[in-house]
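Undergrad: okay, here's the prediction I keep looking at, along with the sequence it came from:
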Amino acid sequence: MATQAISQPLHSDHLRRAIRIDLFGWTAVGAGLAAASGPLADLLALPAGWLVALGLAFLVGAPASLWLLERGTGYSRKLVGWFAALNLDAGVLLWLALLAGWLPVEGARWWALAGVADLCLIFGIIQFLAWRKG
């Protein structure tokens, strides 16, 4: 008896969307950091130059990564799994460090890092669901 395997393409829309949401989100974060570096520097008591540099790194790095993915490797289930694992790990570890008091931050800095941890967890959950579906 002959059998035929039907393979599913690796470049499915939900895998592509999961990575795009992540990279567009970090692009927006970069734009916000760069644009609001002055007020954020005062609020977080950090040098404005650091926030501009970080914002520009996200603003350039995320679209560059997206461009490379579109041109090169594509969106495989394995890649989405790695994105999900890294985002979930970063979010959980950052929350653990904040709640355990391992980071010497308080006030607005604490809440800013909590927001970053939440973003990592949100992006990681979206990617995990896409990975599971893929």
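TA: Yep, it's here. Numbering: from 1, shown residues only.

Undergrad: tell me where the model's unsure across this protein.
TA: For the chain, applying pLDDT under 70 flags the ranges 1-11, 73.

Undergrad: which stretches of it form helices?
TA: Taking DSSP state H to define them, one finds helices in the chain at 13-35, 37-44, 48-71, 77-100, 108-133.

Undergrad: would you turn these into CSV with mean neighbour count?
TA: For every residue, glycine as well, the C-beta is placed using N, CA and C. CSV is the format used below for the helices of the chain (neighbours: other CB atoms under 10 Å):
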stretch, mean neighbour count
helix 13-35, 18
helix 37-44, 15
helix 48-71, 15
helix 77-100, 16
helix 108-133, 17
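
Undergrad: and the gap between the residue nearest the centre of the chain and Phe58?
TA: The centroid of the chain falls nearest to Asp22 when counting by CA atoms, centre = their mean (4.8 Å). Asp22 sits 11 Å away from Phe58, taking CB to CB, to the nearest Å as the criterion.

Undergrad: ok, now Leu23?
TA: Counting by CB to CB, the gap from Leu23 to Phe58 is 10 Å.

Undergrad: next one: Val116
TA: Val116 is 11 Å from Phe58, by CB to CB.

Undergrad: again, but for Pro104
TA: 24 Å.

Undergrad: ok, now Leu46?
TA: When Leu46 is compared with Phe58 (using CB to CB), they lie 16 Å apart.

Undergrad: Arg71 too?
TA: From Arg71 to Phe58 the distance is 20 Å (CB to CB).

Undergrad: what does Cys120 give?
TA: For Cys120, the distance to Phe58 (CB to CB) stands at 13 Å.

Undergrad: likewise for Asp13?
TA: Counting by CB to CB - Asp13 and Phe58 are separated by 25 Å.

Undergrad: done for today, thanks.
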